[in-house]
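S.K.: Using only what follows, build the 3D model:
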Amino acid sequence: MVTETPRKVGKEVLLQGWVNTRRDHGKIVFIDLRDRSGLVQVVMVGLEEARQLRPEWAIEVRGVVKERPVNLVNPKLPTGAMEIEAKELKILAKAAELPFPTDTEGLDINEEVRLRYRYLDLRRPRMTRNLRTRHQVIKFIRDYLNAKDFVEIETPILTKATPEGARDFLVPSRLQPGCFYALPQSPQQYKQLLMIAGFEKYFQIARCFRDEDPRADRAYGEFTQLDIEMSFVNREEILSLVENLYKAIVKEFFPEKKLTFSEFPRLTYDEVMEKHGTDKPDLRKDKNDPNELAFCFVIDFPLFEWKEREHRWDAMHHPFTAPKEEGIPDLMAGKNIGELKSYQYDMVLNGYEIAGGSLRITDPAILTKVFEIMCHTKEEIERKFGHLLKAFRYGVPPHGGIAPGLDRFLMILLGESSLREVIAFPMSSSGQTAVMEAPTAVSEEQLKELSLKIAKK
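M.R.: Below is the predicted model of the structure:
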């Protein structure tokens with residue numbers, strides 16, 4: 001890597017990468033060679049093929065590392081005190097003229113164009129930094145939870161369609177014609193089944209899929225969350241785990257950021273709605289300071305919310321959220337539904353919800369009643385959730401969890417205005433995948449295999 005060259009002054013090195021810039025001074029050609037670690041200046045004297053070089057060509061250079069004269073040191077680069085005196089040059093691949101520059105921030109470029117050429121867009125230093133930071137944060141999370149005896153377990157991507165608050169992405173089955181899998185909106189039911197299985201401390205860097213309208217802070221189609229579930233715990237133990245984890249992440253990777261609160265406050269839903277008019281309050285002392293981080297937890301959410309358009313009650317979080325004990329008699333009697341409180345909790349950062357979770361219902365009778373209040377018939381409950389109700393008959397432990405969204409958290413910490421700036425290949429606002437331009441039509445043969453026909457409007 002080019003960043004290793006300062007330790008190899010006087011030695012011969014072999015470097016491979018891209019031509020970042022080229023400066024032709026006749027018999028001497030200077031280039032800045034770029035690899036995944038950074039830039040280094042290469043001096044080419046008497047190498048005729050060096051005059052052919054153009055930006056973004058892939059090359060191989062063999063040469064000697066030499067110190068620059070003091071007056072020519074570039075203090076802006078880690079390699080700015082030395083240069084490579086090239087002895088050999090090999091052109092590995094030529095590049096056509098790029099559709100846009102990659103040495104700028106890129107925010108002034110049409111986003112559809114950037115996504116069409118995402119493999120080029122990711123060459124810009126800002127995007128490289130974002131994805132490398134994402135990798136480092138996720139590795140840190142894995143190491144942190146592993147040290148606390150959590151087990152990372154993958155759960156199925158092809159699963160069952162169940163109502164969890166958003167539209168499902170459906171996948172037709174070839175072996176069961178007319179039946180469909182659903183891509184998971186979250187691993188919710190599987191992680192609860194893992195608690196019944198006795199794992200007690202589970203996590204997963206989980207891919208989740210929701211057919212929701214896109215916006216800057218919510219990606220269309222798919223997103224990534226840290227999924228956590230624990231048995232034999234109370235609410236405070238879960239919140240403390242996540243608080244300490246996120247403090248550690250900020251300290252490790254974003255030391256320039258300052259926490260508004262040394263301890264994340266626990267605020268009730270009623271008090272934040274009354275004081276701030278939102279359940280995602282921005283509690284920064286100076287809202288113009290991007291380096292101020294105001295974390296808080298919002299607790300004691302309503303159990304249900306009224307859906308006027310559908311004229312029915314729906315779960316505020318999801319139907320597996322445990323009600324507060326004092327409200328259980330009214331719940332089972334179907335009374336005062338709008339006044340019932342739950343063990344739902346959200347983690348909020350600078351006005352964004354970055355995590356949501358709850359303690360879970362473990363009593364089949366209570367869970368069944370929740371589904372009934374949401375207007376599910378007994379037949380629908382059995383068909384959609386019978387597997388979970390059955391599992392609850394075999395010694396289900398008290399459990400709860402939380403699921404921080406990694407994309408939104410990184411967007412805030414990296415100072416980006418859109419989730420798409422921290423995702424390698426995001427979907428566009430029109431719902432097309434970057435580069436591939438999916439979804440696309442499929443052949444009649446494929447449709448026939450799946451026993452499907454496309455209805456014409």
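
S.K.: List the residues that contact residue 147.
M.R.: Listed by Cβ atoms under 8 Å, 6 or more residues apart in numbering, the contact set of residue 147 is empty. From N, CA and C alone the C-beta is placed, and that goes for glycine too.

S.K.: What distance do you get for it to residue 247?
M.R.: Distance from residue 147 to residue 247, counting by Cβ to Cβ, to the nearest Å: 15 Å.

S.K.: residue contacts, residue 124?
M.R.: By Cβ under 8 Å, 6+ apart, the neighbours of residue 124 are 102, 103, 104, 105, 106.

S.K.: 7 Å instead?
M.R.: Residue 124 sits next to 102, 103, 104, 106 when contact means Cβ atoms under 7 Å, 6 or more residues apart in numbering.

S.K.: Just give me the neighbour total for residue 386.
M.R.: For residue 386, the tally of surrounding residues (other Cβ atoms under 10 Å) stands at 10.

S.K.: Helix or strand: which one has it?
M.R.: Assigned by DSSP states H and E, residue 386 belongs to helix 378-391.

S.K.: Check which helices and strands the helix or strand following that helix is in contact with.
M.R.: Per DSSP H and E, the first helix or strand lying C-terminal to helix 378-391 is strand 399-404. With contacts taken as 3 or more Cβ pairs under 7 Å, 6 or more residues apart in numbering; DSSP states H and E, strand 399-404 sits against helix 188-196, strand 221-231, helix 235-253, strand 352-359.

S.K.: what inclination does strand 399-404 have with respect to strand 221-231?
M.R.: Here the directions of strand 399-404 and strand 221-231 differ by 150 degrees (axes from the mean of the first three to the mean of the last three Cα atoms, to 10 degrees).

S.K.: re earlier: among the contacts of residue 124, show me the least confident.
M.R.: By pLDDT, residue 103 ranks lowest within the contacts of residue 124, coming in at 90.

S.K.: And the residue positioned nearest the centre of the chain, how far from residue 221?
M.R.: Nearest to the mean C-alpha position of the chain, by Cα atoms, centre = their mean, lies residue 407 at 3.0 Å. Residue 407 is 12 Å from residue 221, where distance means Cβ to Cβ.

S.K.: Where does residue 296 fall, secondary structure wise?
M.R.: strand 295-299.

S.K.: tell me which residues in stretch 261-269 are buried?
M.R.: By 16 or more other Cβ atoms under 10 Å, the buried positions in stretch 261-269 come out as 264, 267, 269.

S.K.: ok, residue 68 touching residue 83?
M.R.: Yes - counting by Cβ atoms under 7 Å, residue 68 touches residue 83, with 5.5 Å between them.

S.K.: Tell me which of the two has more neighbours.
M.R.: Set residue 68 next to residue 83 and count neighbours by other Cβ under 10 Å: residue 83 wins out with 21 against 15.

S.K.: Do I have it right that that one meets residue 69?
M.R.: No - the criterion here is Cβ under 7 Å, and residue 83 misses it with residue 69 at 10.0 Å.

S.K.: Pull out the buried positions in the longest helix seen in the chain.
M.R.: Using DSSP state H, we find that the single longest helix of the chain is helix 125-147. Buried residues in helix 125-147, counted by 16+ other Cβ under 10 Å: 126, 127, 130, 133, 134, 137, 141, 144, 145.

S.K.: Count the neighbours of the closest residue to the second one other than its chain neighbours for me.
M.R.: So that's residue 127. Once flanking residues are discounted, residue 127 sits nearest to residue 121: 6.1 Å by Cβ to Cβ, 6 or more residues apart in numbering. Neighbourhood size, residue 121 [other Cβ under 10 Å]: 22.

S.K.: Enumerate every residue touching residue 121.
M.R.: By Cβ under 7 Å, 6+ apart, residue 121 lies in contact with 106, 114, 127.

S.K.: what stretches of the stretch 201-350 of the chain score poorly on pLDDT?
M.R.: Counting by pLDDT under 70, the low-confidence segments of the stretch 201-350 of the chain come to 215-216.

S.K.: in it, which spans are strands?
M.R.: Assigned by DSSP state E, counting those that start in this stretch, the stretch 201-350 of the chain shows strands spanning 201-210, 221-231, 258-259, 266-268, 292-293, 295-299, 304-307, 312-315, 344-349.

S.K.: Show me what the fourth one packs onto, helices and strands only.
M.R.: Packed against strand 266-268, as judged by 3+ Cβ pairs under 7 Å, 6+ apart, are the following elements: strand 295-299.
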